[in-house]
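Visitor: Everything below, folded, please.
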Amino acid sequence: MKDRLKLREVAPVADMDAALLSKVEKGIRLPTREQLQKLAAFYSTDVSEWEAKRLAEKYWRDHADNPAATAAASLILESAGIYAVNKSGGILGITSASKTPARPADSAPS
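Guide: Numbering: from 1, shown residues only. Here you go, the predicted structure:
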């Protein structure tokens with residue numbers, strides 16, 4: 001059973017030591033994306049939710065002292081649909097030639 005393994009048994013799977021994995025488990029440190037992917041694969045879990053939580057935690061750690069952080073998070077949530085990934089792997093609304101975000105149809109100037 002993988003839920004009864006010791007930290008020193010799981011840590012090498014993600015290229016970390018038991019002390020670092022302990023800090024990750026306690027929320028003191030964040031794993032890298034690569035470490036998270038390895039842990040998710042080890043536990044046969046979809047990495048998407050873990051990565052979303054890691055990014056959210058990183059955002060709040062990086063911007064906790066900024067008074068605009070909550071407003072910025074709201075803007076991210078509101079605009080999330082605009083930045084869906086298209087079939088070619090690029091971000092919709094951003095062309096590789098221009099790197100300029102296209103204006104969403106509902107926010108075009110009138």
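Visitor: so where's the chain uncertain?
Guide: In the prediction, the chain carries residues with pLDDT under 70 at positions 1-3, 81-110.
Visitor: in it, which helix has the most residues?
Guide: helix 47-63 (DSSP state H).
Visitor: Run through the neighbouring helices and strands of that one.
Guide: Using 3 or more CB pairs under 8 Å, 6 or more residues apart in numbering; DSSP states H and E as the contact criterion, the secondary-structure elements in contact with helix 47-63 are helix 33-42, helix 69-79. From N, CA and C alone the C-beta is placed, and that goes for glycine too.
Visitor: residue nearest the centroid of this structure?
Guide: Nearest to the centroid of the C-alpha atoms of the chain, with distances taken as CA atoms, centre = their mean, sits L55, at 3.2 Å.
Visitor: what's the most buried one of the helices and strands packed on helix 47-63?
Guide: Relative to the other members of the helices and strands packed on helix 47-63, helix 33-42 carries the highest mean neighbour count by mean count of other CB atoms under 10 Å, namely a mean of 16.
Visitor: how far off helix 47-63 does it point, in degrees?
Guide: 150 degrees (axes from the mean of the first three to the mean of the last three CA atoms, to 10 degrees).
Visitor: can you list the residues that contact helix 33-42?
Guide: 2, 10, 13-16, 24, 31, 46-47, 50-51, 54 (CB atoms under 8 Å, 6 or more residues apart in numbering).
Visitor: go with 6 Å
Guide: 13-14, 47, 50, 54 (CB atoms under 6 Å, 6 or more residues apart in numbering).
Visitor: Buried only: go through these for me.
Guide: Burial by neighbour count, 16 or more other CB atoms under 10 Å: within these this picks out 14, 47, 50, 54.
Visitor: Dump those residues into CSV; add distance to W60 as well.
Guide: CSV is the format used below for the buried ones among the contacts of helix 33-42 (distance: CB to CB, whole Å):
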residue, distance to W60
A14, 23
V47, 20
W50, 16
R54, 11
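Visitor: Give the burial count for the nearest residue to K6 once chain neighbours are set aside, as a bare number.
Guide: For K6, the nearest residue in space outside its immediate sequence neighbours is A18; the separation is 7.7 Å by CB to CB, 6 or more residues apart in numbering. Using other CB atoms under 10 Å, the number of residues around A18 comes to 14.
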